[in-house]
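Trainee: Give me a 3D structure for the following:
(one chain, ligands or ions: 1)
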Amino acid sequence: MKVEHYTRGAEIKAEARIKYPIPIGISGKKVLIVDDITDTGDTLSLSVAYAQSLNPAEVRTAVLQHKTCSSFTPDFYAQKIVRWRWIIYPWARYEDLGGFAEKILGDRTLEITRIITEFKVRYEIMVGEKELLEILQGLAEMNEIERVETEKMVGWRVKGK
Ligand SMILES: O=P(O)(O)OC[C@H]1O[C@H](OP(=O)(O)OP(=O)(O)O)[C@H](O)[C@@H]1O
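Mentor: Sure thing, here's the model as predicted:
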């Protein structure tokens, strides 16, 4: 199953929703739902309610990291996070950094070196020029941002800002 709650890093959507339902019968089965993290807890609350509606014998939950601010406490977790922070997993780095890049740009046009500095200062995230360029080009391909070249600089800005 796939549940969506965030579009970009740390940017919450109104409501968690089931994007892809469970494609097999789980009636009478013992079900373990595994996710990377709990934040608000909405994703697991919805997932458990949905799985329960399919009449399984039992539903349990496990995550790598559980934030104590979450309204849902999983049965199993490897680490408890008491002070809220956004965790960037390797498998979501590209997506998350893209979201932060747009936040950094806001309504400004910035050169890549400035964006790198703001990643460091605002988010304590170290990003190299090559990696960031790939992310910015990806966002440009999705029509979210654009490259602006003048005599003085090569910069990036959010489209329509
Ligand atoms: O407890 P919550 O506030 O609901 O947040 C936790 C959920 O958010 C993230 O998923 P996301 O919606 O970003 O989907 P993805 O992992 O597929 O990118 C994360 O992987 C969890 O599934």
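
Trainee: Spell out which parts of the protein neighbour the ligand.
Mentor: Residues of the chain found near the ligand (CB under 6 Å from any ligand atom) are 4-6, 16, 35-43, 70, 92. (C-beta placed from N, C-alpha, C; glycine too.)

Trainee: Break this protein into its domains for me.
Mentor: The chain breaks down by the TED database into domains covering 1-79, 90-156.

Trainee: for the first one, the distance to its chain's centre please.
Mentor: Spelled out, that is domain 1-79. 15 Å (CA atoms, centre = their mean, to the nearest Å).

Trainee: what's the span of it, first residue to last?
Mentor: Chord length of domain 1-79, first to last residue, is 24 Å (CA to CA, to the nearest Å).

Trainee: quick one: low-confidence ranges for this protein?
Mentor: For the chain, the stretches with pLDDT under 70 are 7-13.

Trainee: on that earlier part again, give me the buried subset of the residues of the chain next to the ligand.
Mentor: By neighbour count, with 16 or more other CB atoms under 10 Å, those hold 6, 16, 35, 37-43, 70, 92 as buried.

Trainee: Give me the subset of those residues lying in helices.
Mentor: Counting by DSSP state H, these place 42-43 in helices.

Trainee: you'd agree residue 45 is up against residue 71?
Mentor: Yes - taking contacts as CB atoms under 8 Å, residue 45 lies within contact range of residue 71: 6.8 Å.

Trainee: Among the buried ones among the residues of the chain next to the ligand, which one sits closest to residue 136?
Mentor: Comparing these against residue 136 with CB to CB picks out residue 92 as the nearest, at 17.4 Å.
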